[in-house]
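Q: Below are the sequence and a predicted model; questions follow.
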Amino acid sequence: MPKRCRKAVRSGGALLVALLLFMACLPSGFSGTGQGGGAPAVRPVSDNFDGERFFNPWDEPPPEGQAPRRSRWLWRWLIADDMPEWPAEVAVMPAERPPSRVPTGSLRVTVVGHATFLVQMDGINVLIDPIWSERCSPLSWAGPRRRQAPGLRFEDLPPIDLVLVTHNHYDHMDLPTLKRLAAGGAPRALTPLGNGDLIRGAGIPRVEELDWWESLPLTPEVTVTLVPARHFSSRTLWDRNRALWGGFILSGPAGNLYHAGDTAYGPHFRQIADRLGPIRLAMLPIAPYRPGSPDGKGLAGVSRVHMGPAEAVQAHRDLGAQKSLATHFQVFQLGWDGFDDAVRDLAAALAGISPEDGGFVAPAPGRFFTFERGAYASVFPREAS
């Protein structure tokens, strides 16, 4: 039996896969767990919806009869023995308690980890893709486990005015965390089409769903816009692409902040810059991906649903972002990149970038960044581990 298979069995991974396969044979209305999902009750109207499923307009549909890629990926994850070893746990020094609010014109971003960020701008507090759970999984005892603790204690959160959820994958839409936020008084959430029922079920009283390029005012001065992403959705093996995915732009006196959610590289970055630029701060995923071999001759693993560090740097340049923060690395092991691969390859990809192209950093959980009235300052209260 391969080493990775033995590890998966010991960790409960095989049981998780078996459960998902079992759930796939049940009627589509059955959610199975508190973190389940299914097709929305009302069919949405969108240019990126074919009547049954959402789609990426830049991609050709898979050939008829082709096996779902997600099923093959799960099977490979179970039996492969070449998945790199990650450290069991990396120490994190959590950030100091943030201020209750920041004034109009100011922007403060706290790195919680993975894709979770606390954004404080122009007098409002926004939490993006919050996950404080130990695992990103439909089960509390199996599935990808957190390797770095959240960079901000949940009890140190300021009052949250808005929660943004980019899509329904377990590492971005964590229902236990959403329930904690609802119990703490979070009043409102925004998410792409088809995701609202799950978030309402977590107890957040006001949930609104957006299509790509739709905007909503948050205050007289601050607006949020859902923007395209090249990705997919699913919480079970039967509901792939039944809900939309995307990124968000927050626009106000403090500038335009962009969170990409999960996305592969594509033409949407230039479209976002053209329609909603200039981008003051971008948050771009750099993993999971398949790194090339040390001699540079290996397959780098170009993906239609994720991007690696080199593609993220190109996205940073397409956006013309003043500053970019890397997301989606060193917290949950979701692919075949080693623990340090994404940070190392990001540094290599940035080697030829001129200062005019701005900065792109991979921050440790617990760091925070501030922009004050046109000036940028990065604040590192503690050294990263």
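A: Thanks, I have the structure now. Numbering: from 1, shown residues only.
Q: Glu134 - how many residues pack around it?
A: Residues near Glu134, counting by other CB atoms under 10 Å, number 14. (Glycine included, C-beta is placed from N, CA and C.)
Q: check contacts around it.
A: Neighbour list for Glu134: 140, 145-146 [criterion: CB atoms under 8 Å, 6 or more residues apart in numbering].
Q: if I look at Leu190, how far off is Pro220?
A: Plainly put, Leu190 is 18 Å away from Pro220 if you go by CB to CB, to the nearest Å.
Q: of those two, who's got more company?
A: Leu190 (25 against 7).
Q: is it fair to say that one lies in a helix?
A: No: under DSSP: H, G, I helix; E, B strand; the rest coil, Leu190 sits outside any helix and is assigned strand.
Q: Any idea what it is bridged to?
A: Beta-bridge partners of Leu190, counted by DSSP bridges, are Leu164, Glu208.
Q: Quick one: buried ones out of the contacts of Glu134?
A: In the contacts of Glu134, burial by neighbour count holds for 145-146, counting by 16 or more other CB atoms under 10 Å.
Q: Dump the contacts of Glu134 into TSV; add secondary structure, pLDDT and distance to Pro84 as well.
A: As requested, those are arranged in TSV below (DSSP: H, G, I helix; E, B strand; the rest coil; pLDDT from 0 to 100; distance: CB to CB, whole Å):
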residue	secondary structure	pLDDT	distance to Pro84
Ser140	coil	83	25
Arg145	strand	95	15
Arg146	coil	97	17
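Q: of the contacts of Glu134, closest to Ala182?
A: When the contacts of Glu134 are ranked by distance to Ala182 (CB to CB), Ser140 comes first, at 18.4 Å.
Q: could you measure that closest one against Val90, distance?
A: Distance of Ser140 to Val90, given as CB to CB: 21 Å.
Q: Contact partners for Arg108?
A: Going by CB under 8 Å, 6+ apart, Arg108 touches 98-99, 102, 119-121, 368-371.
Q: now, which of these lie within helices?
A: Counting by DSSP state H, the contacts of Arg108 place none of their members in helices.
Q: Would you write out the PyMOL command that picks the buried residues out of the residues you listed?
A: Typed into PyMOL, the line below selects the buried ones among the contacts of Arg108, using 16+ other CB under 10 Å:
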select buried, resi 98+102+119+120+121+368+369+370+371
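Q: How many residues are close by the closest residue to Ala115 other than its chain neighbours?
A: If the residues on either side of it in the chain are set aside, Ala115 comes closest to Asp129, at 4.2 Å by CB to CB, 6 or more residues apart in numbering. The criterion is other CB under 10 Å. On that basis, Asp129 has 27 neighbouring residues.
Q: quick one: pLDDT of Asp129?
A: Per-residue confidence for Asp129 comes out at a pLDDT of 98.
Q: can you check Gly352 too?
A: The predicted local confidence for Gly352 is 72.
Q: ok, how many other residues are close to it?
A: The number of residues packed near Gly352 is 8, by other CB under 10 Å.
Q: Name all residues that make contact with Leu162.
A: Under the contact definition (CB under 8 Å, 6+ apart), the residues listed for Leu162 are 124-127, 186, 188-190, 218, 224.
Q: can you tell me how far it sits from Val222?
A: Separation of Leu162 from Val222 (CB to CB): 9 Å.
Q: Can you pull the residues that touch both of these two?
A: Once CB under 8 Å, 6+ apart is applied, the residues that Leu162 and Val222 both contact turn out to be Ile124.
Q: returning to that earlier point: of all the contacts of Leu162, which two lie farthest apart?
A: Between any two of the contacts of Leu162, the greatest separation by CB to CB is 15.2 Å, found for Ala186 and Val224.
Q: more crowded one of these two?
A: Each of Ala186 and Val224 has its neighbours counted (other CB under 10 Å); Ala186 has more, 24 against 21.
Q: surely that one meets Leu157?
A: No: under the criterion of CB atoms under 8 Å, Ala186 lies out of contact with Leu157, with a separation of 9.3 Å.
Q: Let me see the ranges of the helices in this protein.
A: 3-11, 13-24, 69-79, 175-183, 196-201, 268-276, 309-319, 341-349.
Q: what pLDDT does the closest residue to Gly143 other than its chain neighbours get?
A: Taking CB to CB, 6+ apart as the measure, Gly143 lies nearest to Ser137, with 2.4 Å between them; neighbours along the chain are not counted. Looking at Ser137, its pLDDT stands at 90.
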